[in-house]
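Q: just need the structure, nothing else, for what follows:
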Amino acid sequence: MQQIMTMDRSLCLDNSMRMEFDARSENEGLARMAVAAFMTPLDPTVGELSDVKTAVSEAVTNAILHGYENCEGLVVLQCGLHGDVLCVEIIDEGVGIADIEQAMQPMFTSKPELNRSGMGFSFMEAFMDDVEVYSQPGLGTTVRMFKKCGTTPWVEAGE
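A: Prediction:
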């Protein structure tokens, strides 16, 4: 599977995981739960957990409905932990986004016939600390999201 962007492995990650699943709506819940389980070492608050699950749900739904247009394909989910920061990537090799800036505008949808609200990217940006979108028409899209989590203060090694 050729990817547009992948998690920068040169970062000193404390832990990482990767999984692939069919671009089917019923797998959106799998992605949400996998990320929720993966981020437990960060001791996230209930709110942080809910925020991340919502953002993942939006990104996976976009990959399925817009990236693959409900056709066959694979969605890749990658997660990494670095200190108290979670990085989540959702990658598809679908149709891509011609105008990322336009696609990220609230209320914009490329599928009005499906009664989509056009708020997916807005929700991702609202619930995560940072959202990056990389896309190329005909090659797919990578959504990379970051969230600082946990109520336990950062302690340097040896302290």
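Q: C-terminal to the helix or strand hosting Val56, what's the next element?
A: Secondary structure from DSSP states H and E places Val56 in helix 46-62. Past helix 46-62, heading to the C-terminal end, the next element that is a helix or strand (DSSP H and E) is strand 74-82.
Q: which other helices and strands does that following strand contact?
A: Strand 74-82 sits against strand 15-22, helix 28-38, helix 46-62, strand 85-92, with contacts defined as 3 or more C-beta pairs under 8 Å, 6 or more residues apart in numbering; DSSP states H and E. Heads up, the C-betas are built off the backbone N, CA and C, glycines and all.
Q: where does pLDDT dip in the chain?
A: By pLDDT under 70, the low-scoring segments of the chain are 1-12, 102, 104, 106-119, 151-159.
Q: ok, 50 please
A: Low-confidence regions of the chain, defined by pLDDT under 50, span residues 1-6, 9-10, 152-159.
Q: ok so, going back, can you put the helices and strands packed on strand 74-82 in TSV and add distance to Met145?
A: Conversion of these to TSV gives the following (distance: least, C-beta to C-beta, whole Å):
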stretch	distance to Met145
strand 15-22	15
helix 28-38	10
helix 46-62	6
strand 85-92	5
